[in-house]
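>>> Based on what follows, work out the 3D shape:
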Amino acid sequence: MIKLIEKYYPTSGKTYPILLKHSQQVAQKAMIIARNLSTRQAIDLRFVEEAALLHDIGIYLTHAPEIGCRGELPYLAHGYLGRELLEREGLSRHALVCERHIGVGLSRHDIIEQSLPLPERDMIPETIEEQIITYADLFFSKSGSIEQTERPIELVRQKMGRHGEDKIAILDKWHALFSS
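This next block holds a predicted model:
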């Protein structure tokens with residue numbers, strides 16, 4: 001999966017080390033969760049690791065100069081853009097993770113009500129693997145520094161609170177399931 005990232009991100013560029021560090025952190029946390037849960041239910045561990053590494057592959061197509069992304073679309077679009085990219089690569093299941101990992105997921109209603117610059121469709125994590133990766137992603141940010149530490153759940157919950165009680169309820173449900 002690293003080779004696929006390198007296909008779209010020059011290793012000498014500003015974005016590559018930031019994306020790679022973030023993706024590895026998300027994958028590591030997701031794998032810990034997935035391994036713990038796999039004793040109680042079937043989880044595709046290989047898929048979790050691969051999809052976690054690729055979940056943000058679409059960021060270079062967006063405008064986020066602080067992390068070296070010079071695209072024209074808003075950063076929020078990186079999910080569906082990543083989906084399109086991975087579908088062209090023949091990774092349709094991985095592609096869905098890209099689209100569905102924003103926050104705790106976005107419903108068609110959210111997109112329309114908030115006038116978000118996204119296609120008007122549900123972008124909500126459905127499978128346990130998608131939910132694990134989405135949850136793990138909430139704990140790590142991408143900034144100009146590759147020295148990112150894991151956010152405490154209190155900060156994740158506070159940030160999610162800006163998006164409504166329904167989003168906090170999803171986060172709390174996942175936290176109860178994934179942190180045990």
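>>> where in the chain is pLDDT low?
Confidence mapping of the chain against pLDDT under 70 gives the ranges 144-147.
>>> make it 90
Residue ranges of the chain with pLDDT under 90: 1, 38-41, 141-149, 179-180.
>>> Pro125 contacts Thr134, doesn't it?
Yes - using Cβ atoms under 8 Å, Pro125 is in contact with Thr134, at 4.6 Å. To be clear about C-beta, it is placed using only N, CA and C from the backbone, and glycine gets the same treatment.
>>> overlap in contacts of the two?
Residues touching both Pro125 and Thr134 by Cβ atoms under 8 Å, 6 or more residues apart in numbering: Val97, Arg100, His101, Val104, Gly105.
>>> nearest residue to the fourth one other than its sequence neighbours?
Nearest non-adjacent residue to Val104, counting by Cβ to Cβ, 6 or more residues apart in numbering: Ile170, 4.2 Å away.
>>> what's the answer for the last one, then?
Spatial nearest neighbour of Gly105, chain neighbours left out: Ile124 (3.6 Å); criterion: Cβ to Cβ, 6+ apart.
>>> Let me know whether that neighbour touches Arg108 as I believe.
No - between Ile124 and Arg108 there is no contact under Cβ under 8 Å: 9.2 Å.
>>> more crowded one of the two?
For Ile124 versus Arg108, neighbours defined as other Cβ atoms under 10 Å are more numerous around Ile124 (19 against 14).
>>> just to revisit the earlier point, in the helix or strand hosting the residue nearest to Val104, what counts as buried?
For Ile170, the element it lies in under DSSP states H and E is helix 165-178. Across helix 165-178, burial judged by 16 or more other Cβ atoms under 10 Å covers Lys167, Ile168, Ile170, Leu171, Trp174, Phe178.
>>> Against Arg93, how distant is the third one?
Translated: Ile170. From Ile170 over to Arg93 the distance is 22 Å, taken as Cβ to Cβ, to the nearest Å.
>>> Then the first one?
With the distance defined as Cβ to Cβ, Lys167 ends up 25 Å from Arg93.
>>> tell me the contacts of Glu49?
Contacts of Glu49 by Cβ under 8 Å, 6+ apart are Met1, Ala27, Ala30, Met31.
>>> swap the cut-off to 7 Å and go again
Contacts of Glu49 were listed using Cβ atoms under 7 Å, 6 or more residues apart in numbering, and they are Ala27, Met31.
>>> Helix, strand, or coil at it?
With DSSP: H, G, I helix; E, B strand; the rest coil as the basis, Glu49 sits in helix.
>>> which non-adjacent residue is nearest the spatially most central residue of the chain?
Geometric centre of the chain, nearest residue: His101, 4.2 Å, by Cα atoms, centre = their mean. With sequence-adjacent residues excluded and distances taken as Cβ to Cβ, 6+ apart, His101 is closest to Thr134, at 4.5 Å.
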